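Student: Structure for the following, please:
(one chain, ligands or ions: 2)
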Amino acid sequence: MRSRNKPPLIWLNVLLFLISFVLATIVTPWYGYEYGLGAEHWIWLVITFSFCNLSITTGYHRLWSHKTYQAHPALRAVFAIGGAFALQNSALHWSSDHRVHHKHVDNNDKDPYSAKRGFWFSHIGWMLRNYNNDTYSDYSNCRDLQKDAIVMWQHKHYLLLALATNLGIPLLLGVIYGDIVGMLLVVGALRLVLSHHTTFFINSLAHIWGRQPYTDKNTARDNGILAFFTFGEGYHNYHHIFENDYRNGIYWWQYDPTKWLIKTFQWLGLADKLRITPSLKIEQAKAKQALKRAMARLDQHPEKLKLKVTLQQEFDMLMNKLNDFYALKKQIVEQKRSNLVEKYERSLLLIRYREMKAEFKAQQKSWQLALTHC
Ligand SMILES: [Zn+2]
Ligand SMILES: [Zn+2]
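Tutor: Ligands and ions are numbered 1, 2, ... in the order given. Take a look at the predicted model:
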């Protein structure tokens, strides 16, 4: 059914998504069955898929959209090429949309891929029609990126770069391995479809499916399964509250290869000024969200008034211990840096630090216990 209110379709996008999808899901399996595909097809599929997605996560997203670190020009050039290969518009355009998404998240009129407009719209629908015709070329929220010569070079030559990578790389591999059609299908179409939809899942599924440990002020979720398929971008609840952090999965056990890659680039001297959120702020956000959720649960409890008072007391004590502990930690770091403190004074501080850490940990346990009782 056609609605009169809907803006016109962007046929180029519709055909591109449709044709690549049919090639990947029908023609590629048929070709593989008829003519066979070798290990080289699968190896290059993984390499090129990773190159595309990591260029988006490490380059478009964490470097350009959020400025969570600074990167060497050589690295930026690689991301610019990989981003064109991923066929997700120029870095300037992508970042501009993404900054609007963060600023107006879930606002159906302003967020270009608002999750509140449903799975289909936030996943792919927003690209199929001319929804943002008036603001399409408005890059005023990316003035910083307009000073980046590599971003502007990619923006200017985007079409050429997209064609050169999307056709040139599979063709070259096809010539090398003697199977042009097979490589065009696997490294061309299949890689593109996998790369597109795994990235799109962040706008759709990562706003629907998962936990909200840090905030429920927006629809973003943390989801380890999605993180696995998206090079770490699945920790989207954390990302929406602390968007300037170069990490999305902040714990060592959280799968965030993009974070590991940025850290590796730092060791190699290709990235610096990596930004992280202070642990104090992270702990505060987590505890506040847990309190909010527990208070809501207690609304159904017959002894809700008494239990709410106890819970609030536990929370206040946790906040006090947390603030004291991190204040002392900061003091120690600063004094260490300025080297002003005598050795014996430092050892006294360290004793105090250990005591406060133990007190904080004990209060954390008590807080967790209080939470399990509601
Ligand atoms: Zn983001
Ligand atoms: Zn989001």
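Student: Disregarding residues adjacent in the polypeptide, which is nearest to the residue most central in space within the chain?
Tutor: Centroid-nearest residue in the chain: Glu233, 3.5 Å away (criterion: C-alpha atoms, centre = their mean). Nearest residue to Glu233 in three dimensions, chain neighbours excluded: Ile202, at 5.1 Å (C-beta to C-beta, 6 or more residues apart in numbering). From N, CA and C alone the C-beta is placed, and that goes for glycine too.
Student: And the one you found, how close does it get to Val175?
Tutor: From Ile202 across to Val175, the span is 35 Å (C-beta to C-beta, to the nearest Å).
Student: More neighbours: which of these two?
Tutor: Between Ile202 and Val175, Ile202 has the larger neighbour count (other C-beta atoms under 10 Å), namely 26 against 11.
Student: so what's the more buried one up against?
Tutor: By C-beta atoms under 8 Å, 6 or more residues apart in numbering, the contact set of Ile202 is Leu226, Thr230, Glu233, Gly234, His236.
Student: hang on, the earlier thing: the residue nearest to the centre of the chain and Asn248 touch, don't they?
Tutor: Yes. With contact defined as C-beta atoms under 8 Å, Glu233 counts as touching Asn248 (5.9 Å).
Student: overlap in contacts of the two?
Tutor: Both Glu233 and Asn248 are contacted by Ala227, His239, Thr258, under the criterion C-beta under 8 Å, 6+ apart.
Student: now the strands: where do they sit in this protein?
Tutor: Ranges of strands in the chain, per DSSP state E, are 70-71, 271-272.
Student: Surely Gly83 and Ser55 touch.
Tutor: Yes. Between Gly83 and Ser55 there is a contact under C-beta under 8 Å: 4.8 Å.
Student: pLDDT score assigned to Ala227?
Tutor: On pLDDT, Ala227 comes in at 98.
Student: now do Phe242
Tutor: pLDDT, Phe242: 98.
Student: Quick one: low-confidence residue ranges for the stretch 251-374 of the chain.
Tutor: Scanning the stretch 251-374 of the chain for pLDDT under 70 picks out 340-341.
Student: go with 90
Tutor: Residues of the stretch 251-374 of the chain that meet the criterion pLDDT under 90 lie in 300-304, 331-350, 372-374.
Student: wait, Thr215 sits on Lys286?
Tutor: No. Using C-beta under 8 Å, Thr215 is not in contact with Lys286, being 9.6 Å away.
Student: which helix is the longest one in this structure?
Tutor: Of all segments of type helix in the chain, defined using DSSP state H, the longest is helix 304-338.
Student: how about that helix: buried residues?
Tutor: Residues of helix 304-338 classed as buried: 307-308, 311, 314-315, 318-319, 321-322, 325-326, 328-329, 332 (neighbour count, 16 or more other C-beta atoms under 10 Å).
Student: same for it, what does it pack against?
Tutor: For helix 304-338, the packing partners by 3 or more C-beta pairs under 8 Å, 6 or more residues apart in numbering; DSSP states H and E come out as helix 279-298, helix 343-372.
Student: how about these, which one is nearest Leu184?
Tutor: helix 279-298 (46.0 Å; C-beta to C-beta).
Student: The closest one: how far from the chain's middle?
Tutor: Computed by C-alpha atoms, centre = their mean, to the nearest Å, the chain-centroid distance of helix 279-298 equals 22 Å.
Student: Just the C-alpha atoms of it, please, in CSV.
Tutor: Written as CSV, here are the backbone C-alpha positions of helix 279-298 (Å, rounded to 0.1, in the frame of the first residue of the first chain):
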residue,chain,number,x,y,z
SER,A,279,35.6,5.1,36.3
LEU,A,280,33.8,7.2,38.9
LYS,A,281,31.2,8.4,36.4
ILE,A,282,30.7,4.9,35.0
GLU,A,283,30.1,3.5,38.5
GLN,A,284,27.7,6.3,39.4
ALA,A,285,25.7,5.8,36.2
LYS,A,286,25.5,2.0,36.9
ALA,A,287,24.4,2.4,40.5
LYS,A,288,21.8,5.1,39.6
GLN,A,289,20.3,2.9,37.0
ALA,A,290,20.2,-0.1,39.4
LEU,A,291,18.5,2.1,42.0
LYS,A,292,15.9,3.3,39.6
ARG,A,293,15.1,-0.2,38.4
ALA,A,294,14.9,-1.6,42.0
MET,A,295,12.7,1.3,43.2
ALA,A,296,10.3,0.6,40.3
ARG,A,297,10.3,-3.1,41.3
LEU,A,298,9.5,-2.2,44.9
